[in-house]
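Chemist: Sequence unavailable; structure follows:
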């Protein structure tokens, strides 16, 4: 590891802190969202244009801006790489924080603030690297498209999704993308580390279960009480474990992790994250029934948040119907398909080479992210997405556990490491 902080690392940290200090909270409700995303995008725009970039500011609604810039590579026939980060963050409850959530304060070698991990860290890294490449005349192997998106935390409606649907030419020639959630280290024996790369993401499906019966007075119990029947269906869903599916990503994870000396039965805090990537999950989240205590309602419903493995959409529908029984109606709502990128792509080898240069014992291991990123939107343009924000952290530091939590923080030296590794990736990719 480097012992002296380079100008690139210092500038990346400076930009990360500056971006954290811009309150760009995305509540998901238009009436309560300010102009923070646009202010952050303008910050990026000004600093890129200082070194000669031509930028495109896309603002489909006031305050909801994204920023795109492109750097030409040496090989015009190589597909462009989209390196992207989102500029919005989730809300905070400041009273639960030890330090100001938008203060970007450093204490005991840790940077605190909303976005320190999710994901103004990568935005600051990309901004500093883009400037350095332009200022120093670095010509990467392939075109680089630097994208800083709004609205990722609410599904990308006014960010990546809007741009894909309305300005797809901004990604002309792009074949791959690099962003969250991955790159953080997990401990291996002999003080070595595995670095996860998200080569796949679960799909998102919403479903509503409805039971119907006869309305009646509460003093006259009915055999077809809709509340009871939907409660039974919810209990069945809650207790059910969908079967493990050995996707290509899971197979590669098991192979590489074992070869690196890792024990899948001793994953510690990462166990739940990785287990969620082995099977489809269904979580009951909303119950709706009657409005009066003395009235048995004629219907009752429950909403489910379902995260689906790649290629399992049809199996999910059949399994859920069998699970809740024929008397429960199932209405399918929002559906965002899972994505899965090749685990043996050249880019994955580039990630490994960049990590090895900074951490010789490090092993890059594919995994399946149980959540969603803006890579899903780019996938609609045929762009294969990978989640990799490199962070070398202590063995007991749970990076994924920092997402959306109070006191979100990250080691400063992990940010320096990430800047160095990401610069290597973008130069060579």
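Modeler: Now that the structure is in, tell me what you want to look at. Keep in mind that this is a model prediction, so the values were computed, not measured.

Chemist: I'd guess residue 70 is in a helix, am I close?
Modeler: No. Counting by DSSP: H, G, I helix; E, B strand; the rest coil, one finds residue 70 to be strand, located in no helix.

Chemist: wait, it sits on residue 80?
Modeler: Yes. Here residue 70 reaches residue 80: they are 7.5 Å apart, a contact under Cβ atoms under 8 Å. No exception for glycine: its C-beta is placed from N, CA and C like everyone else's.

Chemist: overlap in contacts of the two?
Modeler: Counting by Cβ atoms under 8 Å, 6 or more residues apart in numbering, the shared contacts of residue 70 and residue 80 are 143, 144, 145.

Chemist: Going by neighbour count, which of those comes out on top?
Modeler: Highest neighbour count within the shared contacts of residue 70 and residue 80, by other Cβ atoms under 10 Å: residue 144, with 25 neighbours.

Chemist: And the helices in the stretch 101-250 of the chain, which stretches?
Modeler: 120-136, 160-166, 226-239, 248-259 (DSSP state H, counting those that start in this stretch).

Chemist: now, of the ones you listed, which is deepest in the fold?
Modeler: When the helices of the stretch 101-250 of the chain are scored by mean count of other Cβ atoms under 10 Å, the highest mean neighbour count falls to helix 120-136 (a mean of 23).

Chemist: Tell me which stretches of the stretch 101-250 of the chain form strands.
Modeler: 106-107, 110-112, 144-149, 174-179, 185-188, 192-201, 203-212, 216-217 (DSSP state E, counting those that start in this stretch).

Chemist: Pick out the residue closest to the middle of this structure.
Modeler: The centroid of the chain falls nearest to residue 373 when counting by Cα atoms, centre = their mean (3.9 Å).

Chemist: For the stretch 301-429 of the chain, which residues score under the pLDDT cut-off?
Modeler: Of all residues in the stretch 301-429 of the chain, none has pLDDT under 70.

Chemist: which of the strands of the stretch 101-250 of the chain sits most buried?
Modeler: Comparing the strands of the stretch 101-250 of the chain by mean neighbour count (mean count of other Cβ under 10 Å), strand 144-149 ranks first with a mean of 27.

Chemist: partners of it, with directions?
Modeler: Strand pairing for strand 144-149, using DSSP bridges, gives strand 66-71 (antiparallel), strand 80-86 (parallel).

Chemist: Now do the buried residues in the shortest one.
Modeler: Which is strand 66-71. Buried residues in strand 66-71, counting neighbours by 16 or more other Cβ atoms under 10 Å, are found at 66, 67, 68, 69, 70, 71.

Chemist: The fourth one bridge partners, please.
Modeler: On the basis of DSSP bridges, residue 69 takes part in beta bridges with residue 55, residue 146.

Chemist: how far does stretch 332-352 sit from the chain's center?
Modeler: Distance of stretch 332-352 from the chain centroid (Cα atoms, centre = their mean, to the nearest Å) equals 12 Å.

Chemist: end-to-end on it?
Modeler: For stretch 332-352, the first-to-last residue distance is 40 Å (Cα to Cα, to the nearest Å).

Chemist: Name the residues of that stretch that are buried.
Modeler: Within stretch 332-352, judged by 16+ other Cβ under 10 Å, the buried ones are 336-343, 345, 347-348, 350-352.

Chemist: separation between residue 82 and residue 388?
Modeler: 13 Å (Cβ to Cβ, to the nearest Å).

Chemist: between those two, what contacts are shared?
Modeler: 178, 179.

Chemist: returning to that earlier point: can you list the buried residues of strand 66-71 in CSV and add pLDDT and distance to residue 305?
Modeler: Formatted as CSV, the buried residues of strand 66-71 follow (pLDDT from 0 to 100; distance: Cβ to Cβ, whole Å):
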residue, pLDDT, distance to residue 305
66, 98, 27
67, 98, 31
68, 98, 31
69, 98, 35
70, 98, 37
71, 98, 39
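
Chemist: Now the two most distant members of these.
Modeler: The most widely separated members of the buried residues of strand 66-71 are 66 and 71, with 17.3 Å between them, by Cβ to Cβ.

Chemist: List the contacts of stretch 241-250.
Modeler: In contact with stretch 241-250 (Cβ under 8 Å, 6+ apart) are residues 199-200, 277-282, 309-312, 316, 319, 340, 343, 366-368.

Chemist: Just the buried subset of the residues you listed, please.
Modeler: Buried among the contacts of stretch 241-250 by 16+ other Cβ under 10 Å: 199-200, 277-282, 309-310, 312, 316, 319, 340, 343, 366-368.

Chemist: and the residues you listed, which of them are in strands?
Modeler: Counting by DSSP state E, these place 199, 200, 281, 282, 340, 366, 367, 368 in strands.

Chemist: what sits opposite the residue lying closest to the first one once chain neighbours are set aside in the beta ladder?
Modeler: Ranked by Cβ to Cβ, 6 or more residues apart in numbering and with sequence neighbours excluded, the top spatial neighbour of residue 199 is residue 366, at 4.2 Å. In this structure, residue 366 has the following beta-bridge partners (DSSP bridges): residue 197.

Chemist: Now for residue 366: which residues touch it?
Modeler: Contacts of residue 366 by Cβ under 8 Å, 6+ apart are 196, 197, 198, 199, 200, 249, 252, 253, 256, 343, 348.
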